[in-house]
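**Student:** from the sequence below, what's the structure:
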Amino acid sequence: MRSWVRSLKLFALLAALATPAVATPPQIVWVKDQLFAISATQVLILRTISDNHGYHQTEQTDTFLIVRDLATGQDISINAVERVVANSVIDVDITHYPLDNVVNPYAVRQELNAAPLSDPRRFHLNVEIYDDAVRASDHEGVTHYARWSDIFPSIFASLQSTRDLLPILKMEGGFDALDLDGFLHPVGCEVVAAANTRYISTIDTMLVQLACEDEEVGARHLIWFVLPAA
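**Tutor:** Here you go, the predicted structure:
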């Protein structure tokens, strides 16, 4: 029975490969940040970088823990958590790669005496992209503000650091499919979430999430950054 099922799966795979309608997709790499914890002066972010390796049935997921300073918006530390590749071409094959200097996010959260934090489910705060800046405002006026010229270099450096920490396993055509310059610009980004730290830390900042599209390959990146008080 097992042999028959395996043969059927193989036949389906070969038929799919022979059908133009299900052509091999482009290699797509996408980033997703999630809030994980917050202390009096720091925010902890879980970042995943996913890669389909140019196949419908493959997904590589690299996970990192970022500790970020709420006062400066800069990363204090970036550590790898895990690297997993799931391949379901015929049978499900999951590989956990051994890594050096990995951390347990829950242990770090306890060590830093940080409270659990998650992405907000609803977005009520007034945060918008305005000309060359991102600003938050209330009934009294602008409360938090930063220019793109300050925001993007910080995001770029953080993303590049995670990429350098765990280089890609495979490059199609000899280049990295995660093109930071291809999506880190105001035209392709929008504010999709925000959280005020005023009541959960000692520093008055805004945590803002951007959704940035890489239209060339169809990737959508979700990235958190710190918006300082105006």
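**Student:** what is the burial count for residue 217?
**Tutor:** Other residues near residue 217 number 17, with proximity taken as other CB atoms under 10 Å. C-betas here are computed from N, CA, C, even on glycine.
**Student:** quick check on it: phi, psi?
**Tutor:** Main-chain dihedrals, residue 217, degrees, to the nearest 10: phi -120, psi -10.
**Student:** could we number from 52 for the rest of this?
**Tutor:** Let's use 52 as the start, then, which means that last one is residue 268.
**Student:** gap between it and residue 109?
**Tutor:** For residue 268, the distance to residue 109 (CB to CB, to the nearest Å) stands at 16 Å.
**Student:** same question, residue 134
**Tutor:** As for residue 134, its distance to residue 109 is 14 Å (criterion: CB to CB).
**Student:** residue 119 too?
**Tutor:** Per CB to CB, residue 119 is found 31 Å from residue 109.
**Student:** which of the two has more residues huddled nearby?
**Tutor:** Neighbour totals were compared for residue 119 and residue 109, and residue 119 leads with 22 against 17 (other CB under 10 Å).
**Student:** I'd assumed residue 126 was in contact with that one.
**Tutor:** Yes. Counting by CB atoms under 8 Å, residue 126 is a contact partner of residue 119 at 5.3 Å.
**Student:** and the residue nearest the centre of the chain, how far is that from residue 75?
**Tutor:** Centroid-nearest residue in the chain: residue 83, 2.3 Å away (criterion: CA atoms, centre = their mean). In this view, residue 83 and residue 75 are 24 Å apart by CB to CB.
**Student:** and residue 110, by the same measure?
**Tutor:** Distance check for residue 110 against residue 75: by CB to CB, it reads 15 Å.
**Student:** these two: which has the busier surroundings?
**Tutor:** Neighbour totals were compared for residue 110 and residue 75, and residue 110 leads with 16 against 9 (other CB under 10 Å).
**Student:** what's near enough to touch that one?
**Tutor:** Applying CB atoms under 8 Å, 6 or more residues apart in numbering to residue 110 gives the contacts 101, 102, 103, 104, 136, 137.
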